[in-house]
Structure formats: C-alpha cells, structure tokens
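Peer 1: Pasting the sequence and the predicted coordinates here, then a few questions.
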Amino acid sequence: MNVHTSGSDCIELRRVYRYFGKTKAVHDISFSVARGHVFGYIGPNGAGKTTSMRILATLDLPSYGDAFVDGFSVINDPELVRRRLGFMPDSFGTYRDVNCEEYLDFFARAYGLIGRERTRRLRWVLEFTGTIGMKDKPIRGLSKGMKQRLCLGRALVHDPAVMILDEPAAGLDPRARIQLRKMIRELADRGKTILISSHILTELAEMCDAVGIIEQGQLLATGSVDEIQQQRNQTRELTVRILDRAADAAAQLVAAQQESDTGAAPSHLLGEPIVDGELLRFGFAGDVRDQSELVVWLVERGFAVAEVASHRKSLEDVFLQVTEGLVQ
Ligand SMILES: Nc1ncnc2c1ncn2[C@@H]1O[C@H](COP(=O)(O)OP(=O)(O)OP(=O)(O)O)[C@@H](O)[C@H]1O
C-alpha cells in the first residue's frame, strides 16, 4: 500500500514503541522534522536513539506505532523509504581491504546507479566529503575522521532526501567535528532533512533547527534550543562579584526574594545564590533591564558591585536539568 502522506514534514515518528522483552527501548515517541531542517536527537547511552533511528531506516520494526520518511510508512512501504533515506550507522562495518572509491561504488551499484550517472555521483560524493585524495587508499589505512567522511559519503551516494546520522561526531577531534558540522549544514541548505544523534550536546546546538531530548526511551522535551531553555524557565546564569560582603548580599537577596512583589529585581532569582569568595552565582529569569535593576538594588544597599557576568545556560546544562531525576 503506497500511501504518501505528503506535507512539509519529511521525518515523522507517530507514537512509536519498541520493547525488547521488559526493556522499553522506545516508549511512545512522537516528533516530526520539517523538510530541510536538522533535528538533534540527544540522550545518554542506552536512551533509545539508535533503536528509533534503526526503525526509521527500516532495519527494525516498531512494537506499536508507525514512522514515516518523506510521507512513506516504514511498515507499509519500506522499499520506498529506503530509496529516500541515507543511514549512517554508529559503527563502520568490516570493509577493511577495499579502497574508498570501490566502497562507494559498491553502494552506488546496490542503489541501482549506472553508467555516467554513477560516475558523476561518485565524483560529487568524493569531492563533497573531501575523500577524493584518498580514493585509492584501503579503508584499513584511514583515520577515524576520514572513515566518518566516507561513511557519510556512503549515506549520500543515492542522493537521498532524508539522512539519519547516528553519532557521526563520536571519536572525532575538534577540527574534524567542525568540518562535519559544516557538511551537515550545507546538506540541509541543499534541502536535505537530517536527524542526527549525539550525547556531545553542545556540538548539536549550533547546527540544529530543533532538538529532542530522549531518556530511558521517552522524549522529555522537543523544540528549538531557545524554546527548551524557555520551557525550563532558566535562561541565564549571572555571576556577580561583590567586594567585602558577598555572603551578606546573598542573604539579603534571599530574604528579599521571599518577600518581594513579583517584578522587583530579586524576584527574578532562581534558587539561592551560590557564594564563592567574592562571587555570587545564580540562575536569573529576568532580561537585561531586570539585570541592571538588580545591580542598582545591590548598590543602594551599600554593596560594592565590581563585576557582573551573564551567560546563557548551555544545551548541556539544559539537558542535565531536563533529565534530572531520571539519570541513574
Ligand atoms: N536488540 C536488542 N535486544 C535487546 N535490547 C536492546 C536491543 N537493542 C537495544 N536494546 C536496549 O534498548 C535500550 C536502548 O538502546 P539504544 O541502542 O537505542 O540506545 P542509544 O540511545 O542509541 O544508546 P548509545 O548512545 O549507547 O548508542 C538499551 O537499554 C539497550 O540495551
């Protein structure tokens, strides 16, 4: 049955469950990714990322629910899904003795590419992934970074609309990560829809249009990084340096926080400040104007405010906060 549920979403999981005996690897997960977007799938080891990606790649079936690639169901139309999808698994496989070009050529043939079209496509993939200089090298002689590029090339060889990349940055050095990030962004700019997983959270923030945080088979939060930060209502952390009486300032802030009307400067503090010598650190839910009012509030009470630093909480912080209580 070829039911094409076309729309702007190119990847969709609809109430997907996958149990292995008593293990709930994936438990009622739903999300969708719009065409040309990059969706970051974030979670610790064993969270269920690979299982859901394997279902999308038609390498496994859901216990319940369904998933769609470019509108086609992984259950009813796996062949059509495979044509539209490039999957980069988290391990490379055992092709040690073939060279890079032979490796890509093998997959191009498997996808039915022939003649000039195959030659053109292979050249493009070798150039795009920066493996052209290595094309005659056997795979066993490649660095981890080069292997990852080749594996990305393999997932690209049939020009799929959708790409599923399972931890592509694992084990790469910082430079190779940056290059990978650039390639992924460029593929999205060319219209490909990309699902990418990682537990190196901060590296996904820059390249993803949206992220989903998964833990113990359940999706705990989805949205843009900003939306998730707002959902948690903890957008920034302030560090204030107060000369001489930092601990006293912290105590007064806590007292004022409990008494103050909503809208007063200390009411924007989230939790109690941590005192570290002259430094006070605390979460702050207000904007920059509230921040400057807080400084005035402190100065009016005789505290010598020497410095104020503000930083957004990283995706890593948000992740730890969102998963609080579930991480074992
Ligand atoms: N074939 C299987 N048989 C039994 N249990 C499995 C199988 N595949 C996965 N699991 C279990 O399902 C859970 C989710 O595993 P999964 O590999 O999807 O997690 P992950 O988020 O990809 O983790 P990692 O980051 O370590 O790759 C784990 O508890 C895992 O042990």
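Peer 2: Good, I have the coordinates. Numbering: from 1, shown residues only.
Peer 1: Could you pick out the residues of the stretch 151-300 of the chain near the ligand for me?
Peer 2: Residues of the stretch 151-300 of the chain that fall close to the ligand, judged by CB under 6 Å from any ligand atom: His199. The way it works is simple: take the backbone N, C-alpha and C, and place the C-beta from them, glycine included.
Peer 1: Which part of the stretch 151-300 of the chain gets nearest to the ligand, residue-wise?
Peer 2: At 5.9 Å from the ligand, His199 is the closest residue in the stretch 151-300 of the chain, using CB to the nearest ligand atom.
Peer 1: Around that residue, how many other residues sit close by?
Peer 2: A count of nearby residues for His199, using other CB atoms under 10 Å, gives 17.
Peer 1: same question, the one 5 residues further on
Peer 2: For Leu204, the neighbour count with other CB under 10 Å is 23.
Peer 1: For it, which three-state class applies?
Peer 2: At Leu204 the chain is in helix, as set by DSSP: H, G, I helix; E, B strand; the rest coil.
Peer 1: Okay, and the residue most central in space within the chain sits in which element?
Peer 2: For the chain, the residue nearest the mean C-alpha position is Gly40 (2.6 Å; CA atoms, centre = their mean). Assigned by DSSP states H and E, Gly40 falls within strand 38-42.
Peer 1: now check that strand, is it near the ligand?
Peer 2: No. Contact of strand 38-42 with the ligand is not found when judged by CB under 6 Å from any ligand atom; the minimum separation is 8.3 Å.
Peer 1: Give the partner strands of that strand in its sheet and their orientations.
Peer 2: strand 193-198 (parallel), strand 210-215 (parallel) (DSSP bridges).
Peer 1: which residues sit against the last one?
Peer 2: Strand 210-215 is contacted from outside by 29, 31, 33, 37, 39-44, 47-49, 52, 204-205, 219-225, 228, 315, 319, 322-323, 326-327, using CB atoms under 8 Å, 6 or more residues apart in numbering.
Peer 1: Report the mean confidence score over it.
Peer 2: On average, the pLDDT along strand 210-215 is 89.
Peer 1: ditto for the first one
Peer 2: This predicted structure assigns strand 193-198 an average pLDDT of 94.
Peer 1: what's the helix or strand containing Leu187 packed up against?
Peer 2: If you go by DSSP H and E, Leu187 is part of helix 174-189. Here helix 174-189 touches strand 38-42, helix 144-156, strand 193-198, going by 3 or more CB pairs under 8 Å, 6 or more residues apart in numbering; DSSP states H and E.
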